[in-house]
Structure formats: structure tokens, C-alpha cells
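In: 3D, please:
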Amino acid sequence: LKDGVPFVNRGSLYFQLPGGLTVQVLGDPTVYWTEPFLFCRETTDATTGKMVPYPNAEWNSWAPGDDTKSKFVCVQSVFIDHADTLWILDPAAAFLGNATGPKLLKVDLATDTVSDVIHFAEDVAPTHSYLNDVRVTADRKFGFLSDSNLGGLKVVDLAAGTARAVLQDHPSTHAEVNVE
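Out: Numbering: from 1, shown residues only. Reported below is the predicted structural model:
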């Protein structure tokens, strides 16, 4: 019991530490996580115990050579905002290679459908970028992404579906040199 809310064990994750994890708190509490080449949500089928691809199998069906516009390549970060909207960041850089179609998806958790996909242009997410984390402002106007390969931040206008890169050359967005 924390803050008057009872803890409910919804199951366990019996695989390597997930790459991204978020919890839906409004409505029925639900856990979403990433693992290599599959984005999942906890299963509601207690008899099989199988992970359920989310939002569907088609989004999780990417294979090398496939178009990356409407398939996950490697979901890196997930975030549920204050309005219970799920944001999914896919850097589309398989095996930490070149980005081949990075995107940010907006998912309606009430219907489990993708309601918007924002694709990033080369000037925002160049081939050697690796978009890593996503956060959304409380008013849901802007998203902020980090680039763990090239440094800098990406500022996304969520209504317009546009983005710009900022602070690419600022030392605070890069690893410190000679630190072991």
C-alpha cells in the first residue's frame, strides 16, 4: 500500500532487463516494456503466459530489408503522459547501426491504436544518430528526445509533427573526454 493505493502483482518479467519500461496508472494499471525486436504489454492471457506484441503483431514484424515507416525496428523508449497517452520512440537503428527511419508514435491507450507517427528528417536525426529517450510536456505540446550517439536534444512540436535539433555542440550533451 503506497499513498492509499494497494500494490497488485500483475506478473513478472522473466527475461533480460527491458530496454524501456512504463506504467499506465489511469484506468487499469498496465505495464509496457521493450526487449530486443519486440514491444510488449503484459499479457491478459494468464493461461499461456506469452508476451503480447503491442499495439499489434504487424508493428512488431520488422525484418532486415523491410520498410521501417510502419514497423518497429528497435523501440528504445516509452513514456505515458498525464493524459494517459503512450509515446513510443523507435530510433530505427538495428543492432546500433545506422538509423533507417526514426519515428515517434502516439498511441491511444483506450483503443490500443496508433493515432500519429512523427518521422524525423535527416537534419534532425542523421544516419549516425541514435534517439534514446522521450519525455512529453504536461500540456502535451512538446516532446524532448536525446541523441546518445551524436549528442544534442531534439525538440518536437507534437501538434505540427515537426522537430528541430538543439545543443548538438554543447558539452553538456556529450560524454566527458578521458573519463573511465
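
In: so what strands line up beside the helix or strand hosting Ile88?
Out: Secondary structure assignment for Ile88, by DSSP states H and E: strand 85-90. The pairing partners recorded for strand 85-90 under DSSP bridges are strand 77-80 (antiparallel), strand 103-108 (antiparallel).

In: pull that strand out as PDB, backbone CA atoms only.
Out: Only the C-alpha atoms of strand 85-90 are listed here, as PDB (Å, rounded to 0.1, in the frame of the first residue of the first chain):
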ATOM      1  CA  THR A  85      -1.200   8.600 -24.000                       C
ATOM      2  CA  LEU A  86       1.600   6.300 -24.700                       C
ATOM      3  CA  TRP A  87       4.600   7.700 -26.700                       C
ATOM      4  CA  ILE A  88       6.900   5.200 -28.300                       C
ATOM      5  CA  LEU A  89      10.300   6.200 -29.600                       C
ATOM      6  CA  ASP A  90      11.900   4.000 -32.300                       C
END
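
In: how far does that strand sit from the chain's center?
Out: Offset of strand 85-90 from its chain centre (Cα atoms, centre = their mean, to the nearest Å): 4 Å.

In: show me the contact partners of it.
Out: Outside strand 85-90, the residues that touch it by Cβ atoms under 8 Å, 6 or more residues apart in numbering are 22, 24, 32, 39, 68, 72-81, 102-109, 131-134, 136, 140, 143, 145. For every residue, glycine as well, the C-beta is placed using N, CA and C.

In: show me the beta-bridge partners of His119.
Out: Counting by DSSP bridges, His119 is bridged to Lys103.

In: ok, it to His170 distance?
Out: Using Cβ to Cβ, to the nearest Å, one gets 25 Å for the distance from His119 to His170.

In: for Leu105, same thing?
Out: 28 Å.

In: neighbour count: these two, which is higher?
Out: Comparing Leu105 with His170 by other Cβ atoms under 10 Å, the one with more neighbours is Leu105, at 22 against 11.

In: next one, pLDDT for the residue nearest to the more buried one when sequence neighbours are not counted please.
Out: Leaving aside its chain neighbours, Leu105 sits nearest to Ile88 (4.3 Å; criterion: Cβ to Cβ, 6 or more residues apart in numbering). Here the pLDDT value assigned to Ile88 is 89.

In: what is the neighbour count of Ile88?
Out: Other residues within reach of Ile88, judged by other Cβ under 10 Å, total 26.

In: what's near enough to touch Ser70?
Out: Going by Cβ under 8 Å, 6+ apart, Ser70 touches Glu58, Trp59, Val117.

In: and it, backbone torsions?
Out: phi -130, psi 30 (degrees, to the nearest 10).

In: how much space between it and Glu58?
Out: Ser70 sits 8 Å away from Glu58, going by Cβ to Cβ.

In: how about low-confidence regions in this protein?
Out: Where the chain drops to pLDDT under 70, the residues are 1-51, 95-97.
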